[in-house]
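In: Quick one: sequence and predicted model below, then my questions.
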Amino acid sequence: NNDVTSSEVTEVEVKAVIERLAESIPGLLDPDILLVQSGFTLTQQTSLIAKFGSNDVSSFSRSIAGFLDRQTFEDMKTKLQMVEERKELPTRDRLFSSSESHPWYLVMKTFMKSPRVVLEHRAIFGLK
């Protein structure tokens, strides 16, 4: 169901947002650039890819859509507009540094509030 009024967030919707972001942020879909500049250790990268990632945007979009309810997705899209304006890749510091309140941090914070996201406390600290 691709109806945006549906409570289920679809792969197609998430993919459209990612592709729009990729047009604004050079390197977003290039693992050689994204992973090198991410600030995550190899172990952390492996853990993130195992949890959310895959080799292609469609699979990643499907995975992310499964974690989102409609309200969280709409809130994230609003915050992703700020990310788009900044044109900066997501890095560990940008995603987790609350002191900076970077738009990527606001996106991550919103994602974590989704009722479908359940992470063990130690998993969160393992990424910081």
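Out: Looks like it arrived, so ask away.

In: so where is this structure shaky, pLDDT-wise?
Out: The chain contains residues with pLDDT under 70 at 1-6, 53-54, 100, 119-128.

In: What segments of it are helices?
Out: 11-24, 31-37, 42-51, 57-65, 70-86, 92-96, 103-112, 121-127 (DSSP state H).

In: Mean neighbour count for those helices - can I get that in TSV?
Out: (C-beta placed from N, C-alpha, C; glycine too.) As requested, the helices of the chain are exported to TSV (neighbours: other C-beta atoms under 10 Å):
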stretch	mean neighbour count
helix 11-24	16
helix 31-37	13
helix 42-51	13
helix 57-65	17
helix 70-86	16
helix 92-96	18
helix 103-112	19
helix 121-127	11
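
In: Which residue, other than its chain neighbours, is closest to His102?
Out: Closest residue to His102 apart from its sequence neighbours, by C-beta to C-beta, 6 or more residues apart in numbering: Arg94 at 4.3 Å.

In: so what's that neighbour up against?
Out: For Arg94, the contacting residues are Glu88, Glu100, His102, Trp104, Tyr105, by C-beta atoms under 8 Å, 6 or more residues apart in numbering.

In: from memory the last one sits against Ser97, does it?
Out: This means Tyr105. Yes: Tyr105 lies in contact with Ser97 (C-beta atoms under 8 Å); the separation is 6.1 Å.

In: Roughly how far does Gln37 sit from Glu23?
Out: 18 Å (C-beta to C-beta, to the nearest Å).
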